[in-house]
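K.L.:
sequence first, then the predicted structure, then my questions.
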Amino acid sequence: MSRQQAVFGISGWKNSGKTGLTERLVAAFTARGLVVSTVKHAHHDVDVDKPGADSHRHRQAGAREVALVSAQRMAIMRELRGEPEPSLSDILDRLAPCDLVLVEGYKRDPIPKIETRRLEAKRQSPLAPDDPHILAIAADHAVAACSLPVFDLDDTDAIADFIEKAVLSPRT
């Protein structure tokens, strides 16, 4: 994997605040002048295409990849058709160059990350004790007996500062 861009993960159980934090971090880093990309892992069957659309019809006819392009955006959809799910490294290699890639999910991948915790999360068991790549925790409640830095889940600026020091500052 070419590591031209810095990579940082946001991991946690379902409903732990990953998406909200990722969204706020993208806005914060973009406001700081960085070019940010994201990778979101889904554990369910996901389809960004609409049944009946021309691109969907192309895929249904058997196309392996379909590029949908307009003046505002483009998307490339790839049908795996029995191939294994691509690794995070494979996905990162396909992204255009940027300053920072925020990765939501991929909780078992060996990238630096922050663990999100919310009282409403699907599970409450902490990930950090079993993952040396978790560098900090962002929670909506007090976290007891933790050797890692702990941030309020809504303190986006402090979390962005931490990420910047962890993965962007060493690059300069």
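P.N.:
That came through, no problem.
K.L.:
neighbours of Ala42, how many?
P.N.:
Number of residues near Ala42 (other Cβ atoms under 10 Å) recorded here: 8. Any C-beta I mention is one placed from the backbone N, CA and C, and that applies to glycine too.
K.L.:
just Ile76 next, same as before
P.N.:
Applying other Cβ under 10 Å, I find that Ile76 has 10 neighbouring residues.
K.L.:
and if you look at His58?
P.N.:
Neighbour count of His58, defined by other Cβ under 10 Å: 16.
K.L.:
and it, that one's in a helix?
P.N.:
Yes - counting by DSSP: H, G, I helix; E, B strand; the rest coil, His58 is part of a helix.
K.L.:
number of residues surrounding the residue lying closest to Ala160 once chain neighbours are set aside?
P.N.:
Leaving aside its chain neighbours, Ala160 sits nearest to Ala28 (4.4 Å; criterion: Cβ to Cβ, 6 or more residues apart in numbering). By other Cβ under 10 Å, 18 other residues sit near Ala28.
K.L.:
next SSE downstream of the top helix by length along the chain?
P.N.:
Using DSSP state H, we find that the single longest helix of the chain is helix 18-31. Note on helix 18-31: by DSSP states H and E, the next helix or strand toward the C-terminus is strand 36-40.
K.L.:
mean confidence for the longest helix of the chain?
P.N.:
Averaged over helix 18-31, pLDDT sits at 97.
K.L.:
list the contacts of it.
P.N.:
Outside helix 18-31, the residues that touch it by Cβ atoms under 8 Å, 6 or more residues apart in numbering are 10-12, 36, 38, 40, 99-100, 102, 104-105, 114, 116, 138, 153, 156-157, 159-160, 163-164.
K.L.:
Ile163 sits in which helix or strand?
P.N.:
Assessed by DSSP H and E, Ile163 sits inside helix 156-163.
K.L.:
again, but for Phe151
P.N.:
Judged by DSSP H and E, Phe151 forms part of strand 150-152.
K.L.:
got the buried residues for that strand?
P.N.:
Neighbour-count burial for strand 150-152, counted by 16 or more other Cβ atoms under 10 Å, picks out 150-151.
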